[in-house]
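*Asks:* The following comprises the amino acid sequence and a computationally predicted model.
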Amino acid sequence: MRVGIFGGTFDPVHQGHLIIAEQVLEALALSHVIFVPGGMPPHKEASSIHASTGDRVALVEAAIAGNRRFSLDPVEAEAGRKMYSVETVSLLKERYRADEWYFISGADEVSNLLAWKQPDQLLDEAFMVAATRPGHDLSALGHLEEELANFDKILPVQCSRVDISATGIRGRLAEGKSIRYLVPEQVYGMIHDRRLYESRGERTKGESLREREVS
Ligand code: ATP
């Protein structure tokens, strides 16, 4: 059995995440993908995270609810501290049985792998899946070959180009613009109901925009 681990800030989860999880699962014949929302990702400043851990976990739960091959593990969310991927993978390996593990990331993140904690040890524990992302093609991974003993455990997977980012979504919300269809419908509703990502001055504008959209 092959299992994928998909870590991320998911601030918020969006269609790009779901599409790469689905396409990597299919391309590598994974039995399922475990989404792992990060409580405090080591490479991001706490102040750069916008929604609470609880809200981000709830959004991911809602996003994956319709797919029986997707699940969520709160290992990082519950840790209450920064966790490195190498630690997350070894903890999950104690919790679940699998013959092979695949750590899924966008090519943008994988190209920066040398900055991760113990990248070769991480590659001992799991294959690293580099999913293509617009603006980050797989040629950006070439420089890792000389640096990593386990370079052959990096598996590029060509995915549909989906030019959606959480940063872009937060930017649109702050401007009171629609994010409908950039995120699953359930997530869209929760973001508005919980008033996530709206800067104070924009809340009224955001609300009235949604009223227009749903009426
Ligand atoms: P932000 O804009 O806040 O940095 P993000 O959209 O990159 O967020 P993350 O939660 O940081 O979302 O992403 C989790 C993983 O999913 C990362 O490895 C990232 O590279 C990958 N990813 C996110 N969006 C896409 C996309 N549209 N296509 C391919 N990979 C993606």
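*Replies:* Happy to help now that I have it.
*Asks:* List the contacts of Leu28.
*Replies:* Applying C-beta atoms under 8 Å, 6 or more residues apart in numbering, we find Leu28 in contact with 2, 4, 102, 129, 155, 157. To be clear about C-beta, it is placed using only N, CA and C from the backbone, and glycine gets the same treatment.
*Asks:* so which pair among those is furthest apart in space?
*Replies:* Greatest spacing in the contacts of Leu28, by C-beta to C-beta: Arg2 and Val157 (13.0 Å).
*Asks:* Of the two, which one has the most company?
*Replies:* Val157 (19 against 15; other C-beta atoms under 10 Å).
*Asks:* Next up, the contacts around that one.
*Replies:* The contact partners of Val157, by C-beta under 8 Å, 6+ apart, come to 20, 23-24, 27-28, 129-132.
*Asks:* now it, which residues is it bridged with?
*Replies:* With DSSP bridges applied, Val157 shows beta-bridge pairing to Ala131.
*Asks:* does Val60 really touch Val33, like I thought?
*Replies:* No. The criterion here is C-beta atoms under 8 Å, and Val60 misses it with Val33 at 11.5 Å.
*Asks:* So which elements touch the helix or strand containing Arg170?
*Replies:* Here Arg170, judged by DSSP states H and E, is contained in helix 166-174. Taking 3 or more C-beta pairs under 8 Å, 6 or more residues apart in numbering; DSSP states H and E as contact, there are no helices or strands that helix 166-174 lies on.
*Asks:* and that helix, which residues are buried?
*Replies:* Under the neighbour-count criterion of 16 or more other C-beta atoms under 10 Å, helix 166-174 has 166, 169-170, 173-174 buried.
*Asks:* pretty sure His17 is touching Thr9, no?
*Replies:* No. Counting by C-beta under 8 Å, Thr9 is not a contact partner of His17; they are 10.3 Å apart.
*Asks:* which residues touch Ser111?
*Replies:* 130, 136, 140-141, 143-144.
*Asks:* Which among the residues you listed count as buried?
*Replies:* The neighbour count (16+ other C-beta under 10 Å) marks 130, 136, 141, 144 as buried among the contacts of Ser111.
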